[in-house]
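Peer 1: Would you be able to build a 3D model of this:
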Amino acid sequence: MKFPDDDPRISFTYSLRSRYSETDKMGYVYYGRYLEYFEQARTELVRETGFPYNELEEQGIMLPVIHAEIDYKMPVFYDELMRIEVLIYEWPMVKLDTYYRVLTERTGQSHVNGRVTLCFMNEENRRPRRVPDTFLKRLTQYRETAS
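Peer 2: Alright, predicted model coming up:
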């Protein structure tokens, strides 16, 4: 999986410590957990913009995942503090592409890279729809204040 060559428009880092219940017999974080970590970091990013998911839902907008991919580079161990970077390279129109890096202090290198694509969907008819202007406005404001 390749990240876009451009600088991200949005960059957000969320810290999370791996728990014992999330590891396998080898002491590695179980591979399926990374999508949960991505979701947790993405949810916090959206909350940081001032437009939490529940506000989208109140407007009748759903944001289901329609594509996910993960590259596992090296394991994260039990009780390691992870930095999960969420990167957005393009403003969403109907789809929101989010990219992820999971880093620890142990190596300073990416342990896991990922990409998750979500689709803005009308809750009533379950059809794709354009991103709400208010959501784009909050993303833009977040970018300006985070810079």
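Peer 1: Any idea what D71 is bridged to?
Peer 2: The partner list for D71 in beta bridges (DSSP bridges) reads N113.
Peer 1: need the contact list for it.
Peer 2: 1, 112-114 (C-beta atoms under 8 Å, 6 or more residues apart in numbering). (Each C-beta comes from the backbone N, C-alpha and C, glycine too.)
Peer 1: Which of those lies at the shortest distance from F77?
Peer 2: Comparing the contacts of D71 against F77 with C-beta to C-beta places V112 closest, at 12.9 Å.
Peer 1: what's the neighbour count on the nearest residue to the closest one once chain neighbours are set aside?
Peer 2: Closest residue in space to V112, ignoring its immediate chain neighbours: V102 at 4.1 Å, by C-beta to C-beta, 6 or more residues apart in numbering. Other residues near V102 come to 26 when the count uses other C-beta atoms under 10 Å.
Peer 1: Which members of the contacts of D71 are the farthest-apart pair?
Peer 2: Spatially, the most separated pair among the contacts of D71 is M1 and V112, at 10.3 Å (C-beta to C-beta).
Peer 1: which residues sit against the helix or strand containing K137?
Peer 2: Assigned by DSSP states H and E, K137 falls within helix 133-146. For helix 133-146, contacts defined as C-beta under 8 Å, 6+ apart pick out 9-12, 48-51, 56, 88, 91-92.
Peer 1: Show me which positions of that helix end up buried.
Peer 2: For helix 133-146, burial by neighbour count (16 or more other C-beta atoms under 10 Å) applies to 135, 138-139, 142-143.
Peer 1: Noted, bye for now.
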